[in-house]
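[1] here you go, sequence then predicted model.
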Amino acid sequence: MTKEQVKKLPNFDDLERVDYNYEEQVRGVYRGSLAASAMMQPAIYDCNTYKYEQEPSLYDINNQDQQTLKLYEERLIANKQRRKAGEVTIGKHVETENARVAVPVEKERVVIQRTNPTHTTPSNPRDAFNDGEVARMEIYEETPDIHKEAVVREEVRVKKVVDTDTIEANDTVRREELDIDAEGRPIVDN
């Protein structure tokens, strides 16, 4: 620092405690010397967001003989997102058709046969010539009893299965490499 810059430093005589304003006055003087040597305009800092790490040139005095240069590279990062690809709806509907069924049924009928006797012997039965003599015979017939009944024709099971596939992607990535211009001076590269 020059003698004029030292004169610009604030006094510490009557100060009860160091606050942000005092620190900013001191930093301003040192910033001026750094900006003059680097030929650049000092930045404006906010007291609410200021951190010492913002100005390593003022605080990292022990590290001035060494500097760090970060080399970056790009990498492909693969992530997955689950999205709905479609929908399958399975339902049922009713179709109608004409069906036929055959049921054999029996019907009874009465057959009356008349025959002429071949030996006729004279007789005089007592119950001959009586009115009201009746022969009764019951006649039955079957009638079809056709009705509809629901039965299980087929069972359909619905489930999901997951197929796994691998997708490969190719893209160009960048990487920073170190360029060294030593102007003929020896350099040790660790």
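    Looks like it came in fine. Numbers count the residues shown, from 1 in each chain.

[2] give me the pLDDT value at the most centrally placed residue in the chain.
    The residue lying closest to the centre of the chain (CA atoms, centre = their mean) is Arg82, at 3.7 Å. Model confidence at Arg82, given as pLDDT, is 91.

[3] now do the helices in this structure.
    3-7, 20-38, 56-59 (DSSP state H).

[4] for those helices, give me a markdown table that also has mean neighbour count and mean pLDDT.
    Where C-beta positions appear, they are placed from N, C-alpha and C, glycine not excepted. Below are those laid out as a markdown table (neighbours: other CB atoms under 10 Å; pLDDT from 0 to 100):
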| stretch | mean neighbour count | mean pLDDT |
| --- | --- | --- |
| helix 3-7 | 9 | 82 |
| helix 20-38 | 14 | 72 |
| helix 56-59 | 12 | 70 |
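
[5] mind putting those helices into CSV with distance to Glu73?
    Formatted as CSV, those follow (distance: least, CB to CB, whole Å):
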stretch, distance to Glu73
helix 3-7, 42
helix 20-38, 29
helix 56-59, 24
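
[6] so which of those comes closest to Asp127?
    Ranking the helices of the chain by proximity to Asp127 (CB to CB) places helix 56-59 first, at 146.6 Å.

[7] shaky segments in the chain?
    Within the chain, the ranges that satisfy pLDDT under 70 run 1, 32-44, 59-66, 186-190.

[8] so how far is Glu133 from the residue located most distally from the centre of it?
    Note on the chain: the largest separation between a C-alpha and the mean C-alpha position, by CA atoms, centre = their mean, falls on Pro122 (110.2 Å). To Glu133, Pro122 is 21 Å away according to CB to CB, to the nearest Å.
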